[in-house]
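Trainee: sequence first, predicted coordinates after that:
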Amino acid sequence: MVRSRIALFGGTFDPIHLGHATVAAAAAKQIQTEKVIFVPAKCSPLKGFAPHADDADRLRMIELTLADHETFLVSDCELHRPAPSYTLETVRHFKKEYGPETTVHWLLGADSINDLVHWYGIEALIDECTVTTMQRAGYRTPDFDQFESVWGAERVGKLKRNVVQTPLLDISSTEIRKRLCAGGNVAGMLHPDVIEYVNERGLYRETPAGTD
């Protein structure tokens, strides 16, 4: 019997911004999770470049951002693994830690749906956890039917049943890095304590590259 529910939210979080926390909170409320665990990746297999801030800095910025949220946690499990980070391994890690009475959700941005076919062990991932797509308000529902011939009707049906609506926020880590590099204002985009930390550490002052 399932008695609890957790959500895992993975990403490079380079840096984590207020939009990340906002959409995670909206998703958690809808799927009624006891915890949301943020899981920073050492290096995404699909992005092809390493994060700009190092592991310790990204982890600390997440901790500062989540300090206001009692049910939000951060895990460094992927940072201790050799790159690249695979979501399936992370899900299995938490399933083992929390046991069979806990349902594990993986929170996924709707803009990543088309990349799913390239994910390592994607069919096993859909089978072993609940991939929960976060759809931005005002955007069209993702086209999961395109994958039916690849993954089968049952998996596609499971994906369709697990779509949650999240606020539309025009914030990206890429834009934040560009502003910081140019000495611009990022108030309202990052937690105030993160802004202070970034300035103290002199992060993102070099020319940014890559997108996320």
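Mentor: Cool, the structure landed.
Trainee: remind me, longest helix of this protein?
Mentor: The longest helix of the chain (DSSP state H) is helix 18-31.
Trainee: what about it, average pLDDT?
Mentor: Taken as a whole, helix 18-31 carries a mean pLDDT of 96.
Trainee: counting by contacts, list what it packs against.
Mentor: Packing partners of helix 18-31 (3 or more Cβ pairs under 8 Å, 6 or more residues apart in numbering; DSSP states H and E): strand 4-11, strand 35-40, helix 55-66, strand 72-74, strand 102-109, strand 130-136, strand 163-166. Any C-beta I mention is one placed from the backbone N, CA and C, and that applies to glycine too.
Trainee: any idea which of those is most buried?
Mentor: Neighbour counts (mean count of other Cβ atoms under 10 Å) averaged over each of the helices and strands packed on helix 18-31 peak at strand 35-40, with a mean of 23.
Trainee: report the angle between that strand and strand 102-109.
Mentor: Here strand 35-40 runs at an angle of 50 degrees relative to strand 102-109 (axes from the mean of the first three to the mean of the last three Cα atoms, to 10 degrees).
Trainee: tell me the bridge partners for V104.
Mentor: With DSSP bridges applied, V104 shows beta-bridge pairing to I6.
Trainee: what's the helix or strand for the residue nearest to F147 when sequence neighbours are not counted?
Mentor: Setting aside the residues directly before and after it, F147 is nearest to V156 in space (Cβ to Cβ, 6 or more residues apart in numbering), at 5.7 Å. Following DSSP states H and E, one finds V156 within helix 153-161.
Trainee: quick one: average pLDDT of that helix?
Mentor: pLDDT averaged over helix 153-161 gives 98.
Trainee: repeat that for stretch 42-60.
Mentor: 78.
Trainee: what distance separates the start and the end of it?
Mentor: End-to-end distance of stretch 42-60 (Cα to Cα, to the nearest Å): 14 Å.
Trainee: again, but for stretch 83-91
Mentor: End-to-end distance of stretch 83-91 (Cα to Cα): 16 Å.
Trainee: buried set for that stretch?
Mentor: 85-88, 90-91 (16 or more other Cβ atoms under 10 Å).
Trainee: once you drop chain neighbours, what's closest to A124?
Mentor: Nearest to A124 is L88, by Cβ to Cβ, 6+ apart, at 5.8 Å.
Trainee: meant to ask about E148, not that
Mentor: Nearest non-adjacent residue to E148 (Cβ to Cβ, 6+ apart): V156, at 4.7 Å.
Trainee: and that neighbour, what does it touch?
Mentor: Going by Cβ atoms under 8 Å, 6 or more residues apart in numbering, V156 touches 144-145, 147-148.
Trainee: can we see that at 6 Å?
Mentor: Residues in contact with V156 (Cβ atoms under 6 Å, 6 or more residues apart in numbering) are 144, 147-148.
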